[in-house]
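Engineer: task: produce atomic coordinates for the following.
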Amino acid sequence: MDYDGTLVARGRRPTAGARAAIAEARAIGLRVILASGRIHAQLAEIARGLGGVDGLVAENGAVVEAPLGSGPRLRQAHVGRLVHERLGSARQLDVEYGLVIASVPLADRQSVRRLVAGMPVYLEENVDRAMVLPEGVTKASGVRSALRRMGLGARRFAAIGDAHNDVPMLRSAAYAGAVANAEPSARRAADYRCVQTEGRGVREFVLGPLAEGRARRTDRA
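Structural biologist: Just a heads-up that it's a prediction; the model follows:
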């Protein structure tokens, strides 16, 4: 599940409602992977505050820690190093560096696009920032990597999100949800569109279609 804008309002710390949503997912037998554009250190701290998180997909899929506590694994780290070196010379830019990705305010996206032209990267816009990501790295590829590391590579997964950078993850899921405050692209990619916003929407998704789906499979067994 996505964090900012999905599990909590953007920029918020873990809330009681967010912790309840994760506990309810665990109670019906689901494993929980937190997927976010945030850098790994931030997301790891958030996971500790939430409790019940089994794995992390940070930096929009470029950093995976699964199971939680196993340490971060970087994807396409060599590309990230090249990007960091290229942007490091542009002192006029407000660049935030992760372990792999780099991000800038949306207003600077064209400047960054010119600086990284010809490199094996793409720009992903995420609310108020543009992230420079290695080609092929998305939340979907990060989740699949996390599942493999947890020994669940053949398992289908459910996902819920709110923003354009969640769309690859939602499209890859066996069943996808979008909270009521989601962007149109995320809503279009979802199988289930929540009535509730943010954490309340996640609980609606878990206790509604996901719990009902688990119950139907149990009845057939």
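Engineer: list the contacts for Arg114?
Structural biologist: If you count contacts by C-beta atoms under 8 Å, 6 or more residues apart in numbering, Arg114 has none. For glycine as for every other residue, the C-beta is placed from the backbone atoms N, C-alpha and C.
Engineer: ah, wrong one, I meant Ala178
Structural biologist: Contacts of Ala178 (C-beta under 8 Å, 6+ apart): 160-162, 170, 186-187, 189-190, 192-194.
Engineer: any figure for the gap between the nearest residue in space to it that is not next to it in sequence and Ala163?
Structural biologist: Leaving out its chain neighbours, the residue that sits closest to Ala178 by C-beta to C-beta, 6 or more residues apart in numbering is Ala190, at 3.7 Å. As judged by C-beta to C-beta, to the nearest Å, Ala190 and Ala163 stand 12 Å apart.
Engineer: please apply the same query to Ser111.
Structural biologist: Taking C-beta to C-beta, one finds Ser111 at 23 Å from Ala163.
Engineer: just to revisit the earlier point, hey, what's in contact with both of Ala190 and Ala163?
Structural biologist: Ala182.
Engineer: neighbour count: these two, which is higher?
Structural biologist: Using other C-beta atoms under 10 Å as the criterion, Ala190 and Ala163 rank with Ala190 on top: 25 against 22.
Engineer: contacting residues for the more buried one?
Structural biologist: Per C-beta under 8 Å, 6+ apart, neighbours of Ala190: 160, 170, 176-178, 182.
Engineer: also Leu106?
Structural biologist: 125, 128-130.
Engineer: also Met1?
Structural biologist: So Met1 contacts 7, 21, 32-35, 159-161, 202 (C-beta under 8 Å, 6+ apart).
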